[in-house]
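K.L.:
Here is my input; please provide its structure:
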Amino acid sequence: QVQLVESGGGLVQAGGSLRLSCAASGRTGSIRKMGWFRQAPGKEREFVVSIIYSTGKPVYADSVKGRFTISRDNAKNTVYLQMNSLKPEDTAVYYCAASENMAALKFAVSYWGKGTLVTVSS
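P.N.:
Here you go, the predicted model:
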């Protein structure tokens, strides 16, 4: 089993920045991909970004390209999401996710974190 713990959410004004962290523990050697999803009030959970754990290659949703950057620190089993130029529509609970296979993360999540709330005020 793998446990994922997110941190770094909070309240920020539009145009501001936040950095989310997701620390993995447990059987981390089984992780092939990690990433982030988000769920806004009244909406379905949506894919934001993923990263291949070994190579660092990212895949971004169109809605965050050029504003969000994912990175990872394999030694710390942690991934980061740097969010810049935040918009009110980025307001959501952000969930960390991990997969034990190389399929697209949006279709193959093995583990979820509990989420961290990001609120962007206008």
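K.L.:
Between the two ends of stretch 95-107, how far is it?
P.N.:
Using CA to CA, to the nearest Å, one end of stretch 95-107 lies 15 Å from the other.
K.L.:
An error on my part: the question was meant for stretch 47-63.
P.N.:
Start and end residues of stretch 47-63 are separated by 10 Å (CA to CA).
K.L.:
what does stretch 95-108 give?
P.N.:
14 Å.
K.L.:
tally of neighbours for Ser25?
P.N.:
Ser25 has 11 neighbours, counted by other CB atoms under 10 Å. For the C-beta atoms, the positions are set from N, CA and C on the backbone; glycine is no exception.
K.L.:
Thought Ile31 was touching it, still the case?
P.N.:
No. Using CB atoms under 8 Å, Ser25 makes no contact with Ile31, being 10.8 Å away.
K.L.:
can you list residues touching both of those two?
P.N.:
Listed as contacting both Ser25 and Ile31 by CB atoms under 8 Å, 6 or more residues apart in numbering are Val2, Asn77.
K.L.:
So Gly29: helix, strand or coil?
P.N.:
With DSSP: H, G, I helix; E, B strand; the rest coil as the basis, Gly29 sits in helix.
K.L.:
Which residues are in contact with Val109?
P.N.:
Val109 makes contacts with Phe37, Ala97, Ala98, Ser99, as judged by CB under 8 Å, 6+ apart.
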